[in-house]
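Peer 1: Pasted the sequence and its predicted model underneath.
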Amino acid sequence: MQVRSVSARDFRSYDRLETDLGSSLTVLTGENGAGKTNLLEAVYFGCTGRSCRTHHDAELHRFGTATLRVSVAVIAPDGRHELAVGLTRGEAKRMWVDTAPVERLLDTPHRPLVSVFLPDRLDLIKGVPAGRRAHLDQLLGALWPSRAQTRRAYAQILAQRNALVARLRGVAPARWPDHLEAWDTQLVRAGLALMADRAAAAAAVAPHFGRIAAALGLEDAPTVSYRPRVATDSEDVFLNELRARWERDVERGHTGYGPHRDDLVLRRADHDLRTYGSQGQQRLGLLALLLAERAVLAEQRDRAPLMLLDDVMSELDRTRRRRLVDLLLSTPGQALITATDSEHVPVPRASAAVQLVVAGGALTGAPPDGGDRADC
C-alpha cells in the first residue's frame, strides 16, 4: 500500500499544494521556514485525520482562511482510493474515503500506516513512560488490529476501579472487599492479556532494533525490551498484590499497580538510553526503533509504514546519513525526508528517489517515474 499523491488547500503555509510521492524515497529540500514540515504534516493529516504536530486543529488553517482540505491518493492491493479531510472553523471535522463520509480514517482498511520522526519526538526516549506505553500499544494495534480491544478493555476497567477507589476513603476498610474484589478480578484478567500482547510486540521488534541500531552506528549492543510493572503471569499473585495495596490506593485515590505503569526500555552497553545516552545516541535509538517497527510490520502484515522523517539528517554525520539512506532504499516501504540541503541526503545517482524543492510557497522537481506533476 502506497501514497501516490497529496493535495491540499489552505493548509498551513500552502494556498494550493499538489504533488506526487516516489514509490521508495522522496527527498524534500528547502530553506528553514520554507514549508517542508508543513508538507510532511499534510501527508500525515490526509492519512490519519490528525496532525502529527499539534492537538489544536485551528493551527492548521492558512492565515486568513476559514476552510482547509487535504486529500491523499492511495494505491492499495484492490486498487486506487482517495482519503480526504475537510476542516472549517467552528464546525466538526469531516472525513471521506472515496467520497463516502466516515467517522474515522483510522478504521478504514485502505489507510496506509504512517510512522513519523520529528525532532521533538525525542521525548519518546527522554520523556515519561506513559509516552512509550502509548507508542507500544499503537504498534500492538498495527500488528494485530483485533488485539487493540484488549487495551481498551483494560483502560475502561481501570477507569471504573479508579472512580470506585476515589469514593472509598470514607468507607470502612471491612467493606472494601465488597466493592473491590469483582473489579480486581476483571482488572487482572484484562491486565494479563495486555501484558502478554505488549511482551509479544516488543519481542518481535527487538532483533530488528539491535540490527538496525548497530547498522546506524549505535554501538555497544543496543537493545529494546518490555519492562512490565507486574512481575507475574499468575492471576492469584496479581490479585494478592492488588489487595496488599488497597489501603495505599484508597489513600491516593487511584490504582498504583498494574500494566498502566509499564515501560519500554532502550539500552546500550546495558545502560538506559533515557538516562545515560547522549542526544545523538537517543536520536539514533528513536530512529532505529521506528525502522525496526517498520521492518516488523512489513514482515508480519506486508504493510510497511510510510516514514515521514523531518530534519532527521541534521545531527547525523556523513557515514550515518549514508547508512540511513541505504536502509530506506533497500527495505520495503516509502519514506519522505526533509532537509535544508540535498547534499545532506546522499542518494545514489542510480536510485529511483524523487527530489523535490520547496521555495516561495511552491514545489519544483523532477516528477517521479517520468509522470506529470502540477506545482503548487
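Peer 2: Perfect, I can see it now.
Peer 1: Which strands or helices does the helix or strand containing Arg189 pack on?
Peer 2: Arg189 is located in helix 176-216, with elements delineated by DSSP states H and E. When contacts are defined as 3 or more CB pairs under 8 Å, 6 or more residues apart in numbering; DSSP states H and E, helix 176-216 packs onto helix 129-143, helix 148-167, strand 223-227, helix 235-244, helix 246-252, strand 263-268, helix 279-301, helix 318-330. C-beta here means a position set from N, CA and C on the backbone, and glycine is covered the same way.
Peer 1: Make JSON lines from those and add mean neighbour count, distance to Val43 and mean pLDDT to it.
Peer 2: Shown next, in JSON lines, are these (neighbours: other CB atoms under 10 Å; distance: least, CB to CB, whole Å; pLDDT from 0 to 100):
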{"stretch": "helix 129-143", "mean neighbour count": "19", "distance to Val43": "18", "mean pLDDT": "96"}
{"stretch": "helix 148-167", "mean neighbour count": "17", "distance to Val43": "24", "mean pLDDT": "96"}
{"stretch": "strand 223-227", "mean neighbour count": "18", "distance to Val43": "27", "mean pLDDT": "97"}
{"stretch": "helix 235-244", "mean neighbour count": "16", "distance to Val43": "43", "mean pLDDT": "97"}
{"stretch": "helix 246-252", "mean neighbour count": "15", "distance to Val43": "43", "mean pLDDT": "96"}
{"stretch": "strand 263-268", "mean neighbour count": "20", "distance to Val43": "26", "mean pLDDT": "97"}
{"stretch": "helix 279-301", "mean neighbour count": "21", "distance to Val43": "16", "mean pLDDT": "95"}
{"stretch": "helix 318-330", "mean neighbour count": "17", "distance to Val43": "16", "mean pLDDT": "93"}
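Peer 1: out of the ones you listed, which comes closest to Phe45?
Peer 2: Shortest distance between Phe45 and these, using CB to CB, is found for helix 129-143: 17.1 Å.
Peer 1: Using CSV, list the CA coordinates for that closest one.
Peer 2: Only the C-alpha atoms of helix 129-143 are listed here, as CSV (Å, rounded to 0.1, in the frame of the first residue of the first chain):
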residue,chain,number,x,y,z
PRO,A,129,6.9,6.0,30.5
ALA,A,130,3.4,6.9,29.5
GLY,A,131,4.6,8.0,26.1
ARG,A,132,6.4,4.8,25.5
ARG,A,133,3.5,2.7,26.7
ALA,A,134,1.2,4.5,24.3
HIS,A,135,3.7,4.0,21.4
LEU,A,136,4.0,0.3,22.2
ASP,A,137,0.2,0.0,22.2
GLN,A,138,0.0,1.7,18.8
LEU,A,139,2.4,-0.8,17.5
LEU,A,140,0.4,-3.6,19.0
GLY,A,141,-2.7,-2.4,17.3
ALA,A,142,-1.0,-2.0,14.0
LEU,A,143,0.5,-5.6,14.2
